[in-house]
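Peer 1: Model the following, please.
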Amino acid sequence: MPKLISDCLSLYSEIARAKGITLVFVQAIDTPEMIYSDATRIRQILINLIGNAVKFTKEGSVRVDLNFALRSKSSESIGLRIQVKDTGIGIPPEHHQRIFQPFTQVDDSTTRNYGGTGLGLALSKRLALALDGDISIDPVVRLPDHGCSFSFIFQTTLPSGLERTDDGTALSEYPAIDLSAVKILVAEDSPEIQFLLHSILSDAGAKVSLVNNGLEAIHAAKKEDFDIILMDIQMPITDGYEATRVIRASGYQKTIIAVTAHAMEEERERTKAAGCDHHLTKPLHPAQLLQTIDLCVRNESCKSLLGSH
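Peer 2: Okay, the predicted model is just below:
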């Protein structure tokens, strides 16, 4: 499930980067990695919701949250909620019911500036109903210019062999990772991604330090001996490539993980040439991030991981 969401977000990574929009994926603890459901319908719904969010957002972010829904019809099924939130133009409450009708627009200026939503939301709602679910606009986000939040809720079942808790929810197939002895420097200019990474890493027990650009990362690496450096590549003042080269030249020999929106092989080679041991692509998947850090901390051959993801 997280991979499907990440793949859908990746479809819009180039458009989002061109507009200066940050794409974020947050997976709640213990939500399942795999489910039995109709991947084609779920993918179409997510593409429509994420596509609209990117289209109607001039600046800021688009965030997708995966968590448990409250309702579950039986012990054999679970309810999942996928929320797509943006910092776009917003939708006045009087239009909340109309937006699921084909070719509905909020107003003429929306049409001129962004184009139509067409059949996207109407079709998505029909697909959700076919999955024994629904799509709604969250009532908390009601004011124009404060963005939108859509919730897609559906029922599903787990593949055999995935463990359940007493309340019927699924345990993650990934083991708990303890980073309590690990000091991590996060070099990232996006406040939202800083918050996300700090939450994920500190929840795993890591001691996390945050800096806003490559120059600050260079200074921080001189002052403190970090076990891991998460290096965003596209940053102001000094980018991740140059910061990594300078940090390596100063004698730092531990793990540096490049974090970038680019998944191309040439990008991996460029980060490797700069001195990075590993490469992670945005949007970040928390389980993959934690597993990568855990492996690099425990395994001195982390350098061999570059290019394997």
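
Peer 1: just checking, residue 284 touches residue 25?
Peer 2: Yes - between residue 284 and residue 25 there is a contact under CB atoms under 8 Å: 7.0 Å. In short, each C-beta sits where N, CA and C put it, glycine included.

Peer 1: residues touching residue 271, list them.
Peer 2: If a contact means CB atoms under 8 Å, 6 or more residues apart in numbering, then residue 271 has 233, 240, 241, 244, 258, 260, 279, 306 as its contacts.

Peer 1: In a markdown table, list these along with pLDDT.
Peer 2: Shown next, in a markdown table, are these (pLDDT from 0 to 100):
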| residue | pLDDT |
| --- | --- |
| 233 | 92 |
| 240 | 94 |
| 241 | 96 |
| 244 | 97 |
| 258 | 94 |
| 260 | 85 |
| 279 | 88 |
| 306 | 48 |
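
Peer 1: Among the residues you listed, which one lies nearest to residue 216?
Peer 2: Closest approach between the contacts of residue 271 and residue 216, by CB to CB: residue 240, at 12.0 Å.

Peer 1: That closest one contacts residue 234, doesn't it?
Peer 2: Yes - using CB under 8 Å, residue 240 is in contact with residue 234, at 7.1 Å.

Peer 1: Pick out whichever of these two has more residues nearby.
Peer 2: Taking other CB atoms under 10 Å, residue 240 and residue 234 do not tie; residue 240 has more neighbours (26 against 17).

Peer 1: List the residues that contact the more buried one.
Peer 2: 187, 214, 231, 232, 233, 234, 258, 259, 260, 271, 274.

Peer 1: Residue 18 - how many residues pack around it?
Peer 2: When counting by other CB under 10 Å, one arrives at 8 neighbours for residue 18.

Peer 1: And the contacts of the helix or strand harbouring it?
Peer 2: Following DSSP states H and E, one finds residue 18 within helix 13-19. With contact meaning CB under 8 Å, 6+ apart, helix 13-19 is reached by 22, 23, 54, 57, 58, 59, 62, 261, 282, 283.

Peer 1: Following element in sequence after that helix, please.
Peer 2: strand 21-27.

Peer 1: which residues do residue 240 and residue 234 both contact?
Peer 2: residue 260.

Peer 1: Report the beta-bridge partners for the closest residue to residue 190 other than its chain neighbours.
Peer 2: Spatial nearest neighbour of residue 190, chain neighbours left out: residue 22 (5.0 Å); criterion: CB to CB, 6 or more residues apart in numbering. With DSSP bridges applied, residue 22 shows beta-bridge pairing to residue 61.

Peer 1: Please, where are all the helices along the stretch 201-309 of the chain?
Peer 2: Along the stretch 201-309 of the chain, the segments classed as helices by DSSP state H, counting those that start in this stretch run 214-223, 240-249, 265-274, 286-298.
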